[in-house]
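Engineer: structural data only, the sequence is not supplied:
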């Protein structure tokens, strides 16, 4: 217990003050007059537990603060060390490392490219063997020696029929008497007409398929007859008996899709040999030849680019 002394003007004032500070638990020890004032001695309980708790809490707080300060100092020390290392780095070493990594990437990419080229070479080699086994004649059509007295050239618009005829007529020149017949709605080509005139070859245009009935008789008057057939007359020409004793070839651009079912349609069901044209426009000739080999087609000559 702890004693407290209060000296007030009167006992009432002293008791009110004691009550406000310690409540009803304060124990009045004595009350005396001291001069013109009243002295009151009270006993109050000493809160040792509270003081001890406060001391402990203060101790913990001090320990925590010390640990915090120590960690902060250690962190600052580490940060300073790292900053020192960063500042001490050689920038050229970093650049050298990046260059090494770039060279590694380039080397890997080159290996991949070389591997693809080797695989492509193998595929092309396989295609070459397939083409050789198929007997494809990829020489210029001017070198073809399979022409007979009557020869029929077919193909879709833009397939190069007229260009092939220019090459053939120019090759034959004045050495042979040649008749060119166009069957169907075919507009005369100026340069073709010029060649016919220059080498004194004959020309006959007709839109009547019955002209084919007269070809056999006309063949006795010429060394060679070439018949250019409009695409719309293809089936009628193929069904005519004249084809049995004639060389029939179909002009086809190498840049078309030979994998499509449309190419070898019912129109070409007898599969005449091809003259492969427009080689200069074909982006992947090995692939085109591979497709033709798989389809069982026959190639009797080629034409690259337009005739002069």
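Structural biologist: Here it is on my side, so go on. On a predicted model such as this, the values are computed, not experimentally measured, just so you know. Residues are numbered from 1 along each chain as shown.
Engineer: pretty sure residue 127 contacts residue 291?
Structural biologist: No: in this structure residue 127 lies outside contact range of residue 291 using CB atoms under 8 Å: 10.1 Å. Quick note: C-beta positions are derived from backbone N, CA and C, even for glycine.
Engineer: can you list contacts of stretch 162-173?
Structural biologist: Contact partners of stretch 162-173, identified using CB atoms under 8 Å, 6 or more residues apart in numbering, comprise 140-142, 147, 153, 178, 180, 189, 191-192, 195-196, 199, 201, 224, 226, 228, 251, 275, 277, 303, 306-307.
Engineer: and those residues, which are buried?
Structural biologist: 141, 147, 153, 178, 180, 189, 192, 195-196, 199, 201, 224, 226, 228, 251, 275, 277, 303, 307 (16 or more other CB atoms under 10 Å).
Engineer: what about the residues you listed, which are in helices?
Structural biologist: 192, 195-196 (DSSP state H).
Engineer: neighbours of residue 115, how many?
Structural biologist: For residue 115, the count of nearby residues is 10 (other CB atoms under 10 Å).
Engineer: pretty sure residue 187 sits in a helix.
Structural biologist: No: counting by DSSP: H, G, I helix; E, B strand; the rest coil, residue 187 falls outside a helix, being coil.
Engineer: tell me the buried residues in stretch 180-194?
Structural biologist: Using 16+ other CB under 10 Å as the test for burial, stretch 180-194 gives 180-184, 186, 189, 192.
Engineer: that's a helix at residue 220, yeah?
Structural biologist: Yes: counting by three-state DSSP, residue 220 is located in a helix.
Engineer: quick one on the thing from earlier: from the buried ones among the contacts of stretch 162-173, which land in strands?
Structural biologist: 153, 178, 180, 224, 226, 228, 251, 275, 277 (DSSP state E).
Engineer: any chance of these in JSON lines, plus pLDDT?
Structural biologist: Formatted as JSON lines, those follow (pLDDT from 0 to 100):
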{"residue": "153", "pLDDT": "96"}
{"residue": "178", "pLDDT": "93"}
{"residue": "180", "pLDDT": "96"}
{"residue": "224", "pLDDT": "94"}
{"residue": "226", "pLDDT": "97"}
{"residue": "228", "pLDDT": "97"}
{"residue": "251", "pLDDT": "93"}
{"residue": "275", "pLDDT": "95"}
{"residue": "277", "pLDDT": "95"}
